[in-house]
Structure formats: C-alpha cells, structure tokens
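Novice: Starting from these lines, generate the structure:
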Amino acid sequence: MQILRSSFIRLSTLAIVALFFTPSLQAFGESRVIEVLTDKDSHFKIAGMSHPEIKVKAGEPLLLRVSARKGKTWNRDGTVHGFTLLRAKDHTKVSGWDLELKPGTQEFALTAPTEPGDYEVLCTVICSEEHEGMRMKFVVLP
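Specialist: As a prediction, the model looks like this:
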C-alpha cells in the first residue's frame, strides 16, 4: 500500500509540473518563421504585403525561410541573391545576418538584434540592373 501511495504522489507531482511548465518550455524552444521570396525581378517579397517589411521583437528567435530565384545575373559560385541586415543609423552589418542565397529554399536559424530600432535588408549579390533597389525595411521592437 505504501508503494502505491508513493507512486501516486510522484505521478501527481509530475502531472502538475507538466501542466504548469510545459507550455513555457515549448515556447522557449520555438522560433517564429518568417518567409521571404528573393525574386528574379530583384525584389524581396513577403506574401500579402505590397511593401514588404519585417517586424520582430528584440532578441526573438527566428527561422528565416528564404526562397531564392535567379535574377538576370549571379555569382560564379551559384549565389543568386544576398540577405544582409544593416543598422539604419550607421549602415553597419549585423553579425550573423550576412546570408548568401542559392536557388531554391533555404532556412536560417537566427536571433533578432537585441537593440530596438530600424534596420535595412539589402541584397549583396549583383542580380540585375535593378539590384540597387533590392531593399526591405526591418524593424526591431522592444
């Protein structure tokens, strides 16, 4: 009888721990998915947005899923577009956010910058005559 009571108490304790702590543990390990198309017309595109813009929370874990299509030109190594994040105030690169994109879909596990403010995404591969205009706003919220 004592063994059954002990087992019941342990199982009850585990059930309570699981009930209260599992949602927060799941949320801790999940990343928000952001899907971007780098298109053959040298534009960043996000479904449902005529003027694509990414808004994230400071330090938020992200999964950036980028589908890249060849423009009119590309690098010798097969890179068709770049995805580089710059601080808007001084145009310095954000560490870890200088991505080279090959044709097809790639995923990048990233962390949003910890400093709130405006940033800019730009293409770093000369992909066509319209390459200079391949930019997108990126906002980090507190």
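
Novice: From here on, just use CA atoms for contacts and neighbour counts.
Specialist: Fine.

Novice: Point to the residue nearest the middle of the protein.
Specialist: residue 64 (3.1 Å; CA atoms, centre = their mean).

Novice: Confirm that residue sits in a strand?
Specialist: Yes - counting by DSSP: H, G, I helix; E, B strand; the rest coil, residue 64 is part of a strand.

Novice: Would you mind writing the CA trace of stretch 41-48 as CSV?
Specialist: The C-alpha trace of stretch 41-48 is given here as CSV (Å, rounded to 0.1, in the frame of the first residue of the first chain):
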residue,chain,number,x,y,z
ASP,A,41,12.9,40.7,-60.7
SER,A,42,15.3,41.7,-57.9
HIS,A,43,12.8,42.4,-55.2
PHE,A,44,12.2,41.0,-51.7
LYS,A,45,8.7,39.8,-51.3
ILE,A,46,6.5,38.6,-48.4
ALA,A,47,3.1,37.1,-49.1
GLY,A,48,0.3,39.6,-48.5
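
Novice: Please work out which residues outside stretch 78-94 touch it.
Specialist: 38, 68-71, 73-74, 97-103, 113, 118-127 (CA atoms under 8 Å, 6 or more residues apart in numbering).

Novice: Pull the distance from it to the chain's centre.
Specialist: Using CA atoms, centre = their mean, to the nearest Å, the distance from the centre of stretch 78-94 to the centre of the chain it belongs to is 14 Å.

Novice: tell me the mean pLDDT over that stretch?
Specialist: Mean pLDDT, stretch 78-94: 95.

Novice: what's downstream of the helix or strand of the chain with the lowest mean pLDDT, the next helix or strand?
Specialist: Every helix and strand in the chain was compared by mean pLDDT, DSSP states H and E; the lowest is helix 2-29, with a mean of 41. Using DSSP states H and E, the next helix or strand after helix 2-29 towards the C-terminus is strand 32-38.

Novice: Kind regards, and thank you for your time.
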